[in-house]
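Undergrad: predicted structure and sequence below. I'll ask about it afterward.
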Amino acid sequence: MDQSTTLDIEALKMTQEQYVLASQSIHLQRPGCDAVYPVGLYGWRKRCLYFFLLLLLVIMIVNLALTVWIIKVMNFTVNGMGDLQVSRDGIRLEGISEFLLPLYVNEIQSRKDSPLVLRAESNVSLNARNSQGQLTGQLTVDSEAVEVQCQRLEVRSSNSERLLFSATEEQVSIGTDKLTVTGAEGAVFGHSVETPLIQAVTSQDLKLESPTRTLTMEAPRGVEVSARTGGLKALCRKDLHLQSTEGEIFLDAAAVRLETLPLGTYAASSGPSSSSSPRAQKVYEVCVCPSGKLYLSPAESSSTCQAVGNICLWS
């Protein structure tokens, strides 16, 4: 055989081997694949998810409905809420407002056509504090009393120009033209009173009385007691002193009466006949003892006053 025939045979063998290999590779068994798992929720898990989604949707709807109802009931607007209106000047409340906690404000003012009323079940307290939070003033109004704690209390007129009343720890000042006390018992002062004028109301009596102590009226330039349309009466249980240290005491009247003066006795040795009895005696003279006591003595042609008489000895 020649050389070309040998090459063809070998090429045919190679082609046959390639065919066998190809056919074997086609019929080879492929390796087994992994198990396939389903994706998603199935069964009771899926039902629970749908239930929770439905419950959340119901809650959202109820919440939205409640929000709309609250806005409608409370009357929320752009300017405020119901009777509460917010503006640049502050907050305005209409009607009755109730505060359960302390209220801190700079100014409280009512409308021009209505008063400002503060009400509380126990008391109403207004406090003023400094920058450090310390209490500097307090006003408390309760069912028993009105208490004010401050360094100085002032009451001024409507135009705030005239001081009507002021009180401090040292003194109390009243700036009104007239102080009127309408109580049946009048005004009671535990200590001294300094005033330029004490005057009664028109058509009423003025009475100065000290039931258990003495009543003293003093002035550096004199004390004037006058009754223009009526009488003047001074009553005391023990002694009535009219004293002038540098001047005189004037009793200027059409008639000066000294009633219930004691009647002194006249000794026969000190003057002429004294046989007239006190009942027949019509004229008397006023005698003054060294102690200043006054008494009556029967009038005679000469003075019958005796410095050592029974009246002066026992005075």
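TA: Done, it's in.
Undergrad: longest helix of this protein?
TA: Counting residues, the longest helix found in the chain (DSSP state H) is helix 44-74.
Undergrad: which parts of stretch 83-97 are buried?
TA: L84 (16 or more other CB atoms under 10 Å). The way it works is simple: take the backbone N, C-alpha and C, and place the C-beta from them, glycine included.
Undergrad: quick one: end-to-end distance for that stretch.
TA: 9 Å (CA to CA, to the nearest Å).
Undergrad: what is the rounded mean pLDDT of it?
TA: The predicted model assigns stretch 83-97 a mean pLDDT of 77.
Undergrad: chain center to it: distance?
TA: Relative to its chain's centre, stretch 83-97 lies at 25 Å (CA atoms, centre = their mean, to the nearest Å).
Undergrad: three-state assignment of the spatially most central residue of the chain?
TA: Nearest to the mean C-alpha position of the chain, by CA atoms, centre = their mean, lies L139 at 2.6 Å. Following DSSP: H, G, I helix; E, B strand; the rest coil, the label given to L139 is strand.
Undergrad: OK, contacts around it?
TA: For L139, the contact set (CB atoms under 8 Å, 6 or more residues apart in numbering) comprises S125, L126, V146, E147, V148, Q149.
Undergrad: how about 10 Å then?
TA: V124, S125, L126, N127, A128, V146, E147, V148, Q149, C150, L153 (CB atoms under 10 Å, 6 or more residues apart in numbering).
Undergrad: make CSV out of the residues you listed and add secondary structure.
TA: Shown next, in CSV, are the contacts of L139 (three-state DSSP):
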residue, secondary structure
V124, strand
S125, strand
L126, strand
N127, strand
A128, strand
V146, strand
E147, strand
V148, strand
Q149, strand
C150, coil
L153, strand
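Undergrad: closest to Q243 among these?
TA: L153 (39.5 Å; CB to CB).
Undergrad: by mean pLDDT, which helix or strand of this structure comes out lowest?
TA: Least confident element among the helices and strands of the chain, by mean pLDDT, DSSP states H and E: helix 3-26 (a mean of 61).
Undergrad: need the strands for the chain, in chain order.
TA: Shown for the chain, the strands assigned by DSSP state E span residues 80-81, 84-86, 91-93, 123-129, 135-142, 146-149, 153-156, 163-167, 172-174, 284-288, 294-298.
Undergrad: need those in a markdown table (columns: distance to P262).
TA: Output for these, formatted as a markdown table (distance: least, CB to CB, whole Å):
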| stretch | distance to P262 |
| --- | --- |
| strand 80-81 | 90 |
| strand 84-86 | 86 |
| strand 91-93 | 81 |
| strand 123-129 | 65 |
| strand 135-142 | 61 |
| strand 146-149 | 57 |
| strand 153-156 | 55 |
| strand 163-167 | 52 |
| strand 172-174 | 47 |
| strand 284-288 | 10 |
| strand 294-298 | 5 |
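Undergrad: winner for burial among these?
TA: Comparing those by mean neighbour count (mean count of other CB atoms under 10 Å), strand 294-298 comes out on top with a mean of 19.
Undergrad: helices or strands next to it in the packing?
TA: The contact analysis (3 or more CB pairs under 10 Å, 6 or more residues apart in numbering; DSSP states H and E) places strand 294-298 against strand 284-288, helix 310-313.
Undergrad: got the CA coordinates for the shortest one in CSV?
TA: Put plainly, it is helix 310-313. Provided in CSV are the C-alpha atoms of helix 310-313 (Å, rounded to 0.1, in the frame of the first residue of the first chain):
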residue,chain,number,x,y,z
ASN,A,310,-62.3,122.6,156.0
ILE,A,311,-62.5,122.5,152.2
CYS,A,312,-58.9,123.5,151.7
LEU,A,313,-57.6,121.2,154.4
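Undergrad: and the contacts of that helix?
TA: Contacts of helix 310-313 (CB under 10 Å, 6+ apart): 261-265, 267, 287-291, 293-297, 305-307.
Undergrad: quick one: S291 from D239, how far?
TA: Going from S291 to D239 by CB to CB, to the nearest Å gives 12 Å.
Undergrad: what's the closest non-adjacent residue to L261?
TA: Using CB to CB, 6 or more residues apart in numbering and skipping the chain neighbours, the partner closest in space to L261 is L296 (5.0 Å).
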